[in-house]
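Asks: show me how the following folds:
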Amino acid sequence: MHLSTALGQPHEVDLASGRIRYYETGSGAPILFVHGLLVNANLWRKMIPTIAATGYRCLSPDWPLGAHSIPVPDADLTPTGLADLVEAFMAELDLSDVTLVANDTGGAIAQVLLSRGTSRIGRVVLASVDCYERFLPPPFNLLPPLARIPGSIRPLTEVLRIRALHPLPIALGWVAKHKVDPEIIDTYLLPSRNSAAIRKDLRRFLKTANRRYTLEAATHYPSIDIPILLAWAREDKLFPVALAERLAADLPNATLKLIDDSYTASPEDQPELLTELIVEFTRMHATP
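Replies: The predicted structure follows:
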């Protein structure tokens with residue numbers, strides 16, 4: 001399966017817990033992207049060319065959240081384990097002063113990572129993310145108990161073959177406001193449909209996706225003083241703006257910016273607006 005050429009050149013890196021495929025383009029200060037559940041690096045395809053052209057090194061891995069193509073059977077896929085995986089990726093590539101950009105479930109992983117230290121991270125963009133009690137948000141909070149039933153993931157991936165179901169809330173209906181090209185949806189859904197090993201990875205993550213991780217991370221917010229941009233969809237149905245306002249109040253150095261005409265997947269719905277906010281924020285908080 002080939003993702004968009006806009007992401008840059010594909011690479012693979014061997015970490016202690018498994019091999020990660022990532023895409024890289026541009027040069028300059030690093031920006032590392034963390035996508036959410038059942039998507040992959042293709043989520044950022046509309047944004048990365050512009051961000052790279054403004055002078056940044058863009059790295060967009062396929063994290064093992066169900067739309068990845070390289071299984072990681074030995075990896076710890078709890079939220080803590082995934083946060084450690086992001087840290088290991090940064091360490092292996094010797095990245096420093098990183099701008100971390102996270103969307104949806106990736107934001108929960110980013111918060112767990114931040115709660116464990118920020119030595120390699122200079123600034124963070126949280127674009128409509130799981131937080132506090134909403135990890136996972138309704139209706140997706142039905143997935144963890146489902147994942148505890150042996151054999152349950154295969155029927156779920158088969159049901160998602162039916163494109164007429166994609167506009168429903170339990171699929172894409174509350175994730176993306178505007179239609180996503182079917183070819184792009186296929187890059188998100190085919191890995192788990194075609195590979196039992198990928199489904200096993202997905203199931204292992206889902207079984208542990210629990211609000212206790214984000215609530216624990218929130219207890220560390222007072223000590224997280226790096227700049228954080230909350231780039232939030234004003235119409236978000238999964239993560240209402242009240243959550244963003246709560247984050248802005250709890251994080252010492254957070255700024256809230258609202259994105260119009262978008263649901264949670266602002267990289268799909270409003271990539272130009274999100275790109276503009278990221279570039280402006282990163283420049284404003286650049287290390288001298």
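
Asks: from now on I want contacts and neighbour counts done on CA atoms only, so please keep to that.
Replies: OK.

Asks: I'd say Ser115 and Ala217 touch.
Replies: Yes - with contacts counted by C-alpha atoms under 8 Å, Ser115 reaches Ala217, the gap being 5.3 Å.

Asks: where are the low-confidence patches of the protein?
Replies: Within the chain, the ranges that satisfy pLDDT under 70 run 1.

Asks: can you map out the strands along the stretch 151-288 of the chain?
Replies: Along the stretch 151-288 of the chain, the segments classed as strands by DSSP state E, counting those that start in this stretch run 228-233, 254-259.

Asks: reformat those strands as JSON lines; add mean neighbour count and distance to Ser96.
Replies: Shown next, in JSON lines, are the strands of the stretch 151-288 of the chain (neighbours: other C-alpha atoms under 10 Å; distance: least, C-alpha to C-alpha, whole Å):
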{"stretch": "strand 228-233", "mean neighbour count": "25", "distance to Ser96": "16"}
{"stretch": "strand 254-259", "mean neighbour count": "19", "distance to Ser96": "21"}
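
Asks: among the ones you listed, which comes closest to Thr287?
Replies: Each of those has some distance to Thr287 by C-alpha to C-alpha; the shortest is strand 228-233, at 14.3 Å.

Asks: which residues are contacting that closest one?
Replies: Strand 228-233 is contacted from outside by 123-128, 241, 244, 248, 253-264, 266, 274, 277, 281, using C-alpha atoms under 8 Å, 6 or more residues apart in numbering.

Asks: remind me what the helix or strand where Pro145 lies packs against, helices and strands.
Replies: Per DSSP states H and E, Pro145 falls inside helix 143-147. Applying 3 or more C-alpha pairs under 8 Å, 6 or more residues apart in numbering; DSSP states H and E, one finds that helix 143-147 contacts helix 196-208.

Asks: hmm, try it at 10 Å
Replies: Secondary-structure packing of helix 143-147 (3 or more C-alpha pairs under 10 Å, 6 or more residues apart in numbering; DSSP states H and E): helix 153-159, helix 196-208.

Asks: sorry, back to before: now for Ser115 and Ala217: what residues contact both?
Replies: Residues touching both Ser115 and Ala217 (C-alpha atoms under 10 Å, 6 or more residues apart in numbering) are Ile109.

Asks: which one of the strands of the stretch 151-288 of the chain lies closest to Leu3?
Replies: Comparing the strands of the stretch 151-288 of the chain by C-alpha to C-alpha, strand 228-233 comes nearest, at 25.2 Å.

Asks: got the angle between that closest one and strand 254-259?
Replies: Strand 228-233 and strand 254-259 are oriented at 20 degrees to each other (axes from the mean of the first three to the mean of the last three C-alpha atoms, to 10 degrees).

Asks: what sits against Ile31?
Replies: 24, 48, 51-52, 56-60, 95-101, 121-124, 278, 282.

Asks: reformat the strands of the stretch 151-288 of the chain as JSON lines; add distance to Trp44.
Replies: Formatted as JSON lines, the strands of the stretch 151-288 of the chain follow (distance: least, C-alpha to C-alpha, whole Å):
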{"stretch": "strand 228-233", "distance to Trp44": "15"}
{"stretch": "strand 254-259", "distance to Trp44": "16"}
